[in-house]
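**Q** Sharing a sequence plus its predicted fold:
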Amino acid sequence: MPLFEYRGLNRDGRSVRGTVDADNVRSAKVKLKKDGVFVTDIKDKGKADVKKAKGKKSTSQRSVNVTDLSMMTRQLATLIKANVPLVDSLGAVSEQIENVFLSEVVADLKNMVNEGSSLHKAMGKYPRVFDKMYISMCEAGEMSGTLDVILIRLAEFKEAQTELSSKVKSAMLYPVMMMVFTAGILGFLFVVVIPNIVTVFESTPELKLEWYTLAVINFSGLLVNYWHVLLASGFGAWFLFRNWKNTPKGRAQWDRIYLQIPVVGKLGRLVAVSRFTRTLSTLLNGGVPMLSAMGIVRNVVDNEVIAAAIDIGRENISEGESIAGPLKKSGQFPPLVIHMINIGEKTGELENMLLQVSDAYDFQVKTAISGLTAMLEPLMIIVMGCVIGVIVFSIMMPIFKLSSLGG
């Protein structure tokens, strides 16, 4: 039951304030009137807390991660499946969630549903917490009376999404650490070690340096003397690249280039296709109409080139045509995906076919990530060893010459 904060006057005319439990504002006022309180101000405590949370810089809607959301979804589905009323289910879930902001959001959903709003419309108030896919599936579940089943599917989808993202992140962790470690060693050599050794070379005019030694010394001098220029240039290049990529034309061009990059582009395509098939399957299984599902899924692939192909497929569907044809013409989807979609459309088993394709591509993504990691580890060690070896060789050779000159 919602909790209301109130201010008012008692029978003696004194100011009073406190909280009261009631189904809505009107019930709260009636209850307080019976207690002899004339209400001057009353507000829903749950909604007020959510507003305060929104106003804090440290608490934002972005603080709700996929793991917390999937756990909340599964808890809600379990309670609804046990025939617990939706309002009571939301209230119970809001008390169990550890994420403070999400707990307050669910409490606000409970209040809005208790006041007569549908769940999916209440969720629309928090677009950064509940995306279009989530809201559309909840709407379909409420309309069909299968909200518990839909929420279970949503939880499974979010969990699968989290697992895939964590696989990609964990696979890239080692290469990134190696790059940082290598950059640190090279920076120490170029900025600290080499300048000190160069002073020894300069004190020996008769020493003739080879071209590779001069190249290393000149690069070291560039880093020492113009580091601020290089740093500013790097930030400037990144700023220009980011601004270009954020434009519609730039984003499309970059996504096309990205898909052509060896190894990385193939992996990106696999991830996009996996997202496309699994999301579309989940939406269709949830009762979302095909046109609406295609409109939602184009934003999930996170690639404008593939999204454009999906848009063309959506237009064809609106005209009563097949989805497989335009996807095949785009050349952005592997033959297996087209073949399985074609079979699914003919047999009426499109949702199951898409789910099978998604499982297959999830496995390919995991295999590709494992292979890429296994290839990168020794490759980066070899590259790091070669670079450091060249630097050491370039510096040691003049030192050997110095010792012979001294002899």
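**A** Good, I have the coordinates.

**Q** And the helix or strand hosting residue 387, what does it pack against?
**A** Residue 387 belongs to helix 350-406 when assigned by DSSP states H and E. Helix 350-406 is packed against helix 147-188, helix 194-202, helix 211-225, helix 264-285, helix 335-347, with contacts defined by 3 or more Cβ pairs under 8 Å, 6 or more residues apart in numbering; DSSP states H and E. (Each C-beta comes from the backbone N, C-alpha and C, glycine too.)

**Q** For residue 313, which of those is the nearest?
**A** helix 335-347 (9.3 Å; Cβ to Cβ).

**Q** Extract the CA atoms of the closest one and return them as PDB.
**A** Provided in PDB are the C-alpha atoms of helix 335-347 (Å, rounded to 0.1, in the frame of the first residue of the first chain):
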ATOM      1  CA  PRO A 335      23.200 -17.600 -46.100                       C
ATOM      2  CA  LEU A 336      22.300 -19.700 -43.100                       C
ATOM      3  CA  VAL A 337      20.200 -16.900 -41.600                       C
ATOM      4  CA  ILE A 338      18.400 -16.300 -44.900                       C
ATOM      5  CA  HIS A 339      17.700 -20.000 -45.400                       C
ATOM      6  CA  MET A 340      16.400 -20.500 -41.900                       C
ATOM      7  CA  ILE A 341      14.100 -17.400 -42.100                       C
ATOM      8  CA  ASN A 342      12.800 -18.600 -45.500                       C
ATOM      9  CA  ILE A 343      12.000 -22.000 -44.000                       C
ATOM     10  CA  GLY A 344      10.400 -20.400 -40.900                       C
ATOM     11  CA  GLU A 345       8.200 -18.200 -43.000                       C
ATOM     12  CA  LYS A 346       7.000 -21.100 -45.100                       C
ATOM     13  CA  THR A 347       6.300 -23.500 -42.200                       C
END
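
**Q** Any buried residues in that helix, and which?
**A** Buried residues in helix 335-347, counting neighbours by 16 or more other Cβ atoms under 10 Å, are found at 337-338, 340-342, 344.

**Q** what is the rounded mean pLDDT of that helix?
**A** The pLDDT scores in helix 335-347 average 88.

**Q** got CSV for the helices and strands packed on helix 350-406, with distance to residue 238 too?
**A** CSV is the format used below for the helices and strands packed on helix 350-406 (distance: least, Cβ to Cβ, whole Å):
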stretch, distance to residue 238
helix 147-188, 16
helix 194-202, 27
helix 211-225, 19
helix 264-285, 19
helix 335-347, 35
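
**Q** what about residue 141, helix or strand, and which?
**A** Going by DSSP H and E, residue 141 is part of helix 132-144.

**Q** same question for that helix, mean pLDDT?
**A** Helix 132-144 comes out at a mean pLDDT of 81.

**Q** Please apply the same query to stretch 378-392.
**A** Stretch 378-392 comes out with an average pLDDT of 86.

**Q** any idea how this protein splits into domains?
**A** As assigned by automatic domain parsing, the chain contains the domains 3-54, 59-158, 163-407.
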